[in-house]
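1. Fold the following and give me the result.
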Amino acid sequence: MIVLAAPPTPIAAHPMLVFLLQLTVLLGVAFALGKLAARFNMPAVVGELAAGVILGPSLLAHVIPPLSNWLFPSDAAQIHLLDAVGQLGVLMLVGFTGMHVDMGLVRRKGRTAAWVSAGGLFIPLGLGVAVGMVLPESLVAGGSERLVFALFLGVAMCVSAIPVIAKTLLEMKLLHRNIGQLTISAAAVDDVVGWSLLSVVSAMATTGMRAGHLALTIGSLVGVLAVALLLGRPVVKFGLTRANRSDDPAVTVAVVALLLFASAAGTHALGLEPILGTFVMGVLLSSSGLLDRQKIAPLRTFVMGVLAPIFFATAGLRMDLTELAKPPVLLAAVVVLVIAILGKFVGAYLGARLSRLSHWEGLALGAGLNARGVIEVVVAMVGLRLGVLTTAGYTIVVLVAVVTSLMAPPMLRYAVRRIEVTEEERVRERLFDGEKAAG
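-> Predicted structure coming up:
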């Protein structure tokens, strides 16, 4: 006779109350500070991270310890509830990041985008790995290999943030300019390679540095890309074609969410990061030519307005700025920040000059690609979750994300003023304005 397992016990009243209050407080403070940051022309993610910093060990735990311990207890089950919401948010966020990638534009820019992205990718990657090998041991989580930590730091240094860059270019009315188009193209290539490298390094953190495991991880990555091209495209075409036959936006939202979650589960089952799956699926959805962006606007609004702020506030909760009071940690933070900024600038600038772009175009590309924003925060969270980064190391990486995102707009504005507007750009601007008016 088959004995059926008893149904799981539902969540108890007190943990549910704490969970709901956590969501309420984190979302409320993150939303308010995100709007405040936007009013001062800063990325909203800065305010959303600040919400977690205020409510976490950096401030609330020192000012009102009883309230901090009650609202954010160290109980693993309670933390996992909040993390689950955050992970849902980051998977959807990275999926929408993939939808920002215009592979047609990348192909059109071709050689120039390749040179700029290669310089902006490999120079900061190399510098990050080199610095990671000599940073204080206190930044390396116990049990993690030094080389894995260094590789992880290199990946964190080489990524760019398409959502932040696209938003910055749009607000500065530079998306129609050649330099804006090229910046987006180079950032797209950087992010595709960056997410792939992150998956490889993450697998190394969990399975070790053995050659067999590394070969299996790289093989899995190649397999993911092959499946995306051979199977992913027809599946996306089939799903979106059926969804587009319905006037109900809920059908398209459900299909998009289903594809994103399934792709995340697929890459995770292969030992790679689930966010790689959602990023690749986002690119497939965008390049299919069938995605009705108006229908998925409600999903995007919910992700950007609710899930993403909760994720970033949760990320801020894990920062401990009091760690910077320790001289070795502060010195390491300064070194990593300088390396991150100079590495991206020098790499993008050299790539631009090798492509025969002007001095000011090279500086503009360096400034635009320097914005790490949300992507580096995601990378830092992965490092903390996998036990590669300590709290101090995590705090430093997130600090780089915030500082570079704040620096990018003024530096980009300064460089672009010195780049002459071409007739092609004027025509493109009129076309963009016409599309906005029609919309």
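2. confidence score at the closest residue to G89 other than its chain neighbours?
-> Excluding the flanking residues, the one nearest G89 by C-beta to C-beta, 6 or more residues apart in numbering is L307, at 3.1 Å. Any C-beta I mention is one placed from the backbone N, CA and C, and that applies to glycine too. L307 carries a pLDDT value of 91.
3. what's the burial count for the spatially closest residue to G56 that is not a sequence neighbour?
-> Spatial nearest neighbour of G56, excluding adjacent residues (C-beta to C-beta, 6+ apart): L317 at 4.0 Å. Residues near L317, counting by other C-beta atoms under 10 Å, number 25.
4. follow-up on the earlier one: tally of neighbours for the residue nearest to G89?
-> Using other C-beta under 10 Å: L307 sits among 21 other residues.
5. Compute the distance between it and L337, please.
-> Relative to L337, L307 is positioned 29 Å away (C-beta to C-beta, to the nearest Å).
6. what's the answer for A186, then?
-> Per C-beta to C-beta, A186 is found 22 Å from L337.
7. More neighbours: which of those two?
-> In this view A186 and L337 are compared by other C-beta under 10 Å, and A186 has more residues nearby, 30 against 15.
8. Report pLDDT for that one.
-> Looking at A186, its pLDDT reads 83.
9. in terms of contact count, name the helices or strands touching the helix or strand harbouring A250.
-> Here A250, judged by DSSP states H and E, is contained in helix 249-269. Applying 3 or more C-beta pairs under 8 Å, 6 or more residues apart in numbering; DSSP states H and E, one finds that helix 249-269 contacts helix 76-99, helix 211-227, helix 233-244, helix 274-287, helix 297-302.
10. mind checking which of those is nearest A392?
-> Of all the helices and strands packed on helix 249-269, helix 76-99 sits nearest to A392, with 19.5 Å by C-beta to C-beta.
11. Low-confidence ranges, the stretch 201-350 of the chain, go.
-> The stretch 201-350 of the chain contains residues with pLDDT under 70 at 208-214.
12. May I ask you to confirm that A161 is in contact with N370?
-> No. Counting by C-beta atoms under 8 Å, A161 does not reach N370; the two are 9.7 Å apart.
13. What count of nearby residues applies to the residue found closest to L299 once you drop the neighbours it is linked to in the chain?
-> Nearest residue to L299, sequence neighbours excluded (C-beta to C-beta, 6+ apart): V253, at 4.6 Å. For V253, the neighbour count with other C-beta under 10 Å is 18.
14. what sits against V253?
-> K295, I296, P298, L299 (C-beta atoms under 8 Å, 6 or more residues apart in numbering).
15. That one and M92: what is the separation?
-> Distance, V253 to M92, using C-beta to C-beta: 11 Å.
16. The residue nearest to G56 contacts G52, correct?
-> Yes. Applying C-beta under 8 Å, one finds L317 in contact with G52, separated by 4.1 Å.
17. Could you list the residues in contact with stretch 223-230?
-> For stretch 223-230, with C-beta under 8 Å, 6+ apart as the criterion, the contacting residues are G266, T267, L270, L272, L276, G277, V280, M281, L284.
18. same thing but 10 Å
-> With contact meaning C-beta atoms under 10 Å, 6 or more residues apart in numbering, stretch 223-230 is reached by 192, 196, 199, 232, 235-236, 263, 266-267, 270, 272, 276-277, 280-281, 283-284.
19. Tell me the buried residues in that stretch?
-> V224, V227, A228 (16 or more other C-beta atoms under 10 Å).
20. go on, stretch 396-411?
-> Result for stretch 396-411 [16+ other C-beta under 10 Å]: buried residues 396-406, 408-409, 411.
21. of all these, which comes closest to L17?
-> V398 (29.4 Å).
22. which one among the buried residues of stretch 223-230 gets closest to M172?
-> A228 (33.2 Å).
23. and the contacts of V253, which are buried?
-> Judged by 16+ other C-beta under 10 Å, buried ones among the contacts of V253: K295, I296, L299.
24. Output those residues as JSON lines; include the columns distance to L26.
-> Formatted as JSON lines, the buried ones among the contacts of V253 follow (distance: C-beta to C-beta, whole Å):
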{"residue": "K295", "distance to L26": "29"}
{"residue": "I296", "distance to L26": "25"}
{"residue": "L299", "distance to L26": "21"}
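25. Just want the most central residue of this structure.
-> I375 (1.9 Å; C-alpha atoms, centre = their mean).
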